[in-house]
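Enquirer: Turn this into a model:
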Amino acid sequence: MTAARTRDLVDDAIATGTAVLAFNVITLEHAEGIVSGLERAGLPGLLQVSENAVRFRQDLLGPLLAACRELAQQATVPVALHLDHLQDAGLLRDAVTRARGLGVSSVMVDASRLGYEENVATTAALSRAAHGVGLWVEAELGEVGGKDGAHAPGVRTDPREAAAFVAATGVDALAVAVGSEHAMTTATAHLDLDLIARLAAAVPVPLVLHGSSGVPAATLQDAVRAGIRKINIGTALNVALTAQVRRALAADDDLTDPRRYLAPAREAIAATVAATCAAIRAA
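Expert: Residues are numbered from 1 along each chain as shown. This is a model prediction of the structure:
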């Protein structure tokens, strides 16, 4: 089986009124656990590699993505590859140039920290380059989390501005700021469901929710009903992996073989993915 395309998975979610789940990959164990969890749930999904993960890999795009591509090709459910939160224009252009060989079918152009006009100009230029090689493009408007928190004034995405942004940039999906925050380790975020519904009505492309690890399962279900079509999960996987590694090392001071703590950590990721899939399916 070849790797799936993000465009097709999101289109299927739109057609069925559901959301495709996208999970962030840092290590090979992340990728293996994610695919295993998706297979248990019998649902498609995305393996996402962020700019931060690429930096962690010493700015090498190829090795981790090659592993993700092989896992996606061997998966028994459709799995696509996505590059997430790309802010460095040079890295994004490199990704666009090598996308076909890397198995990547989509990218997120993240210029959300820039002012509105500069965000539009930067996103439009990079979106044209990505579309030129057939990539599906996600962008962000508003600040997910915000410098002063998800509920600070002015960080939420405005529906009218969002519609203008999509028209000006030609992006295929829009990540919106509606109350979630990145890197939350507890599911206590409060989403503005009314704002999600107004954004879905105003914007002609699918909406993406970042920072979803901090959102309770029932609220994620409500967000899907309101119009979210792609849900990003990252920190919840790290919480599960790290907790399992801590337990294994604490139980045996002589443990040195990484396979003995990484195997249960990988399983913890798979279980988290499967449970998240089950919660979203319930929507």
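Enquirer: At which residues are the strands of the stretch 1-150 of the chain located?
Expert: In the stretch 1-150 of the chain, the strands defined using DSSP state E, counting those that start in this stretch lie at 20-24, 45-50, 79-86, 106-109, 136-141.
Enquirer: export the ones you listed to CSV and tack on mean neighbour count, mean pLDDT and distance to residue 268?
Expert: In short, each C-beta sits where N, CA and C put it, glycine included. Below are the strands of the stretch 1-150 of the chain laid out as CSV (neighbours: other C-beta atoms under 10 Å; pLDDT from 0 to 100; distance: least, C-beta to C-beta, whole Å):
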stretch, mean neighbour count, mean pLDDT, distance to residue 268
strand 20-24, 27, 97, 13
strand 45-50, 27, 95, 17
strand 79-86, 26, 94, 20
strand 106-109, 26, 94, 26
strand 136-141, 26, 94, 28
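Enquirer: Adding distance to residue 193, write the ones you listed out as JSON lines.
Expert: Shown next, in JSON lines, are the strands of the stretch 1-150 of the chain (distance: least, C-beta to C-beta, whole Å):
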{"stretch": "strand 20-24", "distance to residue 193": "19"}
{"stretch": "strand 45-50", "distance to residue 193": "24"}
{"stretch": "strand 79-86", "distance to residue 193": "24"}
{"stretch": "strand 106-109", "distance to residue 193": "23"}
{"stretch": "strand 136-141", "distance to residue 193": "18"}
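Enquirer: ok, the residue nearest to the spatial centre of the chain - contacts?
Expert: By C-alpha atoms, centre = their mean, the chain has its centre lying nearest to residue 232, at 3.5 Å. For residue 232, the contact set (C-beta atoms under 8 Å, 6 or more residues apart in numbering) comprises 22, 23, 24, 48, 84, 175, 208, 209, 210, 211, 212.
Enquirer: Could you pull up phi and psi at it?
Expert: When quoted as degrees, to the nearest 10, the phi and psi of residue 232 stand at phi -100, psi 130.
Enquirer: partner residues bridging it?
Expert: residue 22 (DSSP bridges).
Enquirer: isn't residue 105 right next to residue 135, touching?
Expert: Yes - assessed by C-beta atoms under 8 Å, residue 105 is found in contact with residue 135 at 6.6 Å.
Enquirer: returning to what we had before: closest one to residue 127 among the strands of the stretch 1-150 of the chain?
Expert: strand 136-141 (4.7 Å; C-beta to C-beta).
Enquirer: so what does that closest one touch, helix or strand wise?
Expert: helix 6-16, strand 106-109, helix 116-131, helix 159-169, strand 173-176 (3 or more C-beta pairs under 8 Å, 6 or more residues apart in numbering; DSSP states H and E).
Enquirer: For those, give me TSV that also has distance to residue 41.
Expert: Below are those laid out as TSV (distance: least, C-beta to C-beta, whole Å):
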stretch	distance to residue 41
helix 6-16	14
strand 106-109	21
helix 116-131	30
helix 159-169	31
strand 173-176	22
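Enquirer: Give me whichever of these is most buried.
Expert: Counting by mean count of other C-beta atoms under 10 Å, strand 106-109 has the highest mean neighbour count of the helices and strands packed on strand 136-141, with a mean of 26.
Enquirer: So in that sheet, which strands flank that strand, and in what orientation?
Expert: Looking at strand 106-109 with DSSP bridges, its partner strands are strand 79-86 (parallel), strand 136-141 (parallel).
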